[in-house]
Each structure stands twice: as C-alpha cells, then as structure tokens.
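Q: I'd like to go over a predicted model; first the sequence, then the structure.
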Amino acid sequence: MAQDEFSLIRQWTSRSDGQEGDGLTVGLGDDAAVFTPGHAMEVVACCDAMVETVHFLKTTMSPSDIGYKAVMSNISDVAAMGGYARYALVSIAVSPNWSPEECSQIYDGIYQACERYGVRVIGGDTVSAPDALHLSVTVLGEVEKGRAIRRSQAAAGHTVFVTGHVGTSAAGLHLLLQEKNGASSSSGVWRELEIAHQRPLAQVAAGRLLLASGACSSLNDVSDGLASELWEIAEASRVAISVDAAQIPIREDVRAYATQVNKDPLEWAFYGGEDYQLVGTVESNKVDEIAQKFASAGIPFAVIGRVEAKSEVGVPALSLIQDGLQLPLPKAGFNHFGQRG
C-alpha cells in the first residue's frame, strides 16, 4: 500500500467524532483514550480477532460485512454478560492482497455496527501483514456493579432457554459456499439466510431484560454453536444439561433449505455457530414471567431444556432428548484453527 500508516488511520477513522464527554475524557487522536464508567457501573471488556481464510472468505463476505461482524461479535459478548457496549478499539493488519479502498469498506462496516449499537471508535492500530488480513476489535462496555451474568451459576432444576432462532447463520454460510463452488441454489429465495450469516444482530435488549429480571443464573452467546455454549455453561456450573430436540427454535426457511440440500438443521443449530443469540438458564418459577416480558418486547424466547445435578462420574454434561431417547450431545462447535471440533 502506497499511503503511510498515519494517513490511512486518519482516512479510515475520519468518521469518529473525537468529541469528549459522556464519560470520555480523551478521545481518538491521542496515544490512548481515557473514559470513566457510569456511576454504579463497572467495565466489561472483550476482544475478538478475525483472520482471513480462518474466520471469513472474501468470496462469502464483503469487506463491509467483515468489519460489521468483527464489531458485532464483541457487542454480543458484552450482551451475554447483561451489559451494553460503549467504546471500540480497532486494529487491522493488512496484506498486499487488500487495497486501501477495500480496507475503507471494512471501516464502513465497522461504523455501521457501531452506529447501530451506539458505540464509539476511540482508538486502534494499523500495520501490514505478509499473507492474510487480520482484524482485531476490542469493545469496552458497562454493566451494573456486581450484577454481570456469568456462566457458572446454573443449578439443578433451572430451566434452559435460548433467544431467537439457531442454525440460521450456518445455513446461510452453506448457501454462500454452494454459490462459491458454482452450484445453483436459487439464492434470492434464501437471501435472508445469507443476511443472517453476513449481518447478524447482537441481542443487547435481551441481555438487559434478563439482567433486570434478576432470575437469570447463567448466560452465553451462541458464537461457536449451541452445543459448545451449553457445554461451557454445564462445565462452569458443574451441572448436567438436557435439551429437547423438538423445542430447538429453527426457522422454517432453514428447515426448507436443509431439506433441499439434504442436511439436518439440528446439525446447523448445535454446531454451526455465529447466530449470536443468547442461551442460558433461569429460575424455573420465573420462566413464565420472563417469557411474558420477552413477548412484550417482541423478542423470541424458547424453553429448550432443564438443568440436572451432575451426580456421578460418566454422566454426560450435555444430552439431547430425541424420539424418546436421551443421547449424549458431543462437545463440538467452531474451532478457530479452521476445523469443527
């Protein structure tokens, strides 16, 4: 790239207003940003990295989709603690295969995600890379002091739930890969599936609702697949979880597309990932009340299982009830070394 690092940073981050206030003491333009969390709040910090060919392909994601998703996945992590995002720092390592115009489009997506969720870009870095593009986003959010929802408080008798629908992003990725390989799949009919993969939504409102309920005992976002997230809750809480295959919320267009391509939609739901819905557990005597609040907010909420005591060695941490049988559900999901594990 012909332009120097500093001119590129100025060009790509020119949409950051740099204005201080609202807790931001020093904004974009100094060596570091300085902010103060709100009264009675504490900071939630998370960082996700995306690497070309491992986490995305230029043939299935536009540059702006890549930038959008990098920010949104972090916002989802904050939502999974019951908090909300406030600031973002963006670091990008650019290979010779990416033009300044394409990188500018990545920042288009970054700012689109930030504007959607009220997040401000307050810093970052730009360097070169020899082979593939690397994009790392750090998001700083807030949650009420001492109230962040963790994975480790699920208890026997609690109810397992998930927001929205799962398996949609994986169906969209399958469709995009089919098109990449030259297969005809009537993509116009399934366009919503592609959008679910390229432009997923973080469930911030759902996380805040769950925090306000005071009855959510564990929470995770569905980034690596429903099975992987449930395993993390079961292991952190030292419980066993059983889920009912018939209760897993899968969209009808996902089921229809799965039938067309001879796939099991449950496989996408449990092992596809990147739906960015919230999965967790709540006190069973509060389920109806919480479900009513979700309905009033227009947010889908599905009860999918139950937490059991892990009473003996050899009892699977996660099991699936299907066709009258209770079967172990393996620990697997998206593996960041490019495989399903």
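A: Noted; the coordinates are in hand.
Q: which residues touch Val239?
A: Taking C-beta atoms under 8 Å, 6 or more residues apart in numbering as the contact definition, Val239 lies against Ala154, Ala155, Ala156, Ile233, Val307, Glu308, Ala309, Lys310, Ala317. Every residue, glycine included, has its C-beta placed from N, CA and C.
Q: where's the fourth one relative to Ser152, distance?
A: Using C-beta to C-beta, to the nearest Å, one gets 8 Å for the distance from Ile233 to Ser152.
Q: Need the phi and psi values for Ala93.
A: phi -110, psi 120 (degrees, to the nearest 10).
Q: Same check on Asp48?
A: Backbone geometry at Asp48, expressed as degrees, to the nearest 10, gives phi -130, psi 140.
Q: can I assume it is in contact with Asp77?
A: Yes: if you go by C-beta atoms under 8 Å, Asp48 and Asp77 touch, sitting 7.2 Å apart.
Q: more neighbours, these two?
A: A direct count of neighbours by other C-beta atoms under 10 Å for Asp48 and Asp77 places Asp77 higher, at 23 against 19.
Q: mind checking the SS state of that one?
A: helix (DSSP: H, G, I helix; E, B strand; the rest coil).
Q: Look up the pLDDT of the closest residue in space to it that isn't next to it in sequence for me, please.
A: Nearest-residue entry for Asp77: Cys46, 4.1 Å, with adjacent residues in sequence omitted and distances by C-beta to C-beta, 6 or more residues apart in numbering. Note on Cys46: pLDDT of 97.
Q: Going forward, the N-terminal residue is numbered 439.
A: All set: I'll call the first residue 439, so the last point we hit is now Cys484.
Q: Give the partner strands of the helix or strand harbouring Cys484 in its sheet and their orientations.
A: If you go by DSSP states H and E, Cys484 is part of strand 479-489. Strand 479-489 has the following sheet partners, assigned by DSSP bridges: strand 572-582 (antiparallel).
Q: Can you give me the buried ones in the partner strand?
A: Buried positions in strand 572-582, judged by neighbour count with 16 or more other C-beta atoms under 10 Å: His572, Leu573, Ser574, Val575, Thr576, Val577, Leu578, Gly579, Glu580, Val581.
Q: Over the helix or strand hosting Leu649, what's the mean pLDDT, rounded is fine.
A: Using DSSP H and E, Leu649 sits in helix 642-651. Throughout helix 642-651, pLDDT has a mean value of 98.
Q: Could you check the angle that helix makes with strand 572-582?
A: 30 degrees (axes from the mean of the first three to the mean of the last three C-alpha atoms, to 10 degrees).
Q: Just list what helix 642-651 packs against, helices and strands only.
A: Helix 642-651 sits against helix 501-517, strand 522-532, strand 654-659, strand 716-720, helix 725-735, with contacts defined as 3 or more C-beta pairs under 8 Å, 6 or more residues apart in numbering; DSSP states H and E.
Q: measure the residue nearest to Asp515 to Val577 for me?
A: 6 Å.
Q: Residues in contact with both of these two, list them for me.
A: Each of Asn512, Asp515, Val516 lies in contact with both Cys484 and Val577 under the rule C-beta under 8 Å, 6+ apart.
Q: Where does the prediction get shaky in the chain?
A: Residue ranges of the chain with pLDDT under 70: 439-459, 618-625, 749-752, 771-779.
Q: go with 90
A: Along the chain, the model assigns pLDDT under 90 to residues 439-471, 473, 476, 491-497, 538, 561-566, 569, 616-627, 747-754, 769-779.
Q: before we move on, what SS does the most centrally placed residue in it have?
A: In the chain, the C-alpha nearest the mean C-alpha coordinate belongs to Tyr714, at 3.4 Å (C-alpha atoms, centre = their mean). Counting by three-state DSSP, the backbone at Tyr714 sits in coil.
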